[in-house]
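What follows is a predicted protein model with its sequence.
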Amino acid sequence: MKILIMGLPGSGKTYLAERLQPLIDAAWYNADVVRNMSNDWDFSSEGRIRQSMRMKTFADFEKSNNRYVICDFVCPTAETRANFDPDITIWMNTISEGRFEDTNKMFEEPKEVNFHITEMNDTNHHNIAKEILKNV
């Protein structure tokens, strides 16, 4: 199962992923780590599309091996989300603006999500894990 944790930079994606990962025994790919491995810090539209496809490749590998996988990255447009093709989308909608103006300008609010997080707290990861594992 491919789980996308998306939202603006600074919204708590990594914070949530780090806490959710051990609860569901998932592989976890963080966008900054993946960009660093690829030495690709291009945040143009093309660079973001390339990153969504790169994250998809890692996630599809894990899913094909019957593992849960969490990918946390901005995934700012409907196109990047469609490219990644998550089974579950968690939108970290905890801030109104991120620290990068270019990202704020291109960010499109998702139309459909499985979990819409509007505040950071110490229970989100437990609640989400419970819902995900309920269907196992």
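Structure received.

CA only for contacts and neighbour counts going forward, please
Fine.

Confirm D102 sits in a strand?
No - judged by DSSP: H, G, I helix; E, B strand; the rest coil, D102 forms no part of a strand; its state is helix.

State the distance from it to F115.
25 Å (C-alpha to C-alpha, to the nearest Å).

From what I see, S11 and M92 are in contact.
Yes - using C-alpha atoms under 8 Å, S11 is in contact with M92, at 5.8 Å.

number of nearby residues for R35?
Neighbour count of R35, defined by other C-alpha atoms under 10 Å: 15.

Once you drop chain neighbours, what's closest to it?
Spatially, and ignoring its direct neighbours in sequence, R35 is nearest to W41 (6.3 Å; C-alpha to C-alpha, 6 or more residues apart in numbering).

One more: V113?
T89 (5.1 Å).

That neighbour against M1, yeah?
No - the pair T89 / M1 is not scored as a contact, 10.9 Å apart, by C-alpha under 8 Å.

centre of the chain versus the helix or strand harbouring I5, how much separation?
If you go by DSSP states H and E, I5 is part of strand 2-6. In terms of C-alpha atoms, centre = their mean, to the nearest Å, the centre of strand 2-6 is found 4 Å from the chain centre.

Mind jotting down where the strands sit in the chain?
2-6, 27-30, 69-72, 88-92, 115-117 (DSSP state E).

Give me the distance between R19 and I90.
From R19 to I90 the distance is 14 Å (C-alpha to C-alpha).

Counting neighbours, what do you get for the nearest residue to H125 once chain neighbours are set aside?
Spatially, and ignoring its direct neighbours in sequence, H125 is nearest to L20 (5.0 Å; C-alpha to C-alpha, 6+ apart). Per other C-alpha under 10 Å, the neighbour tally for L20 reads 20.
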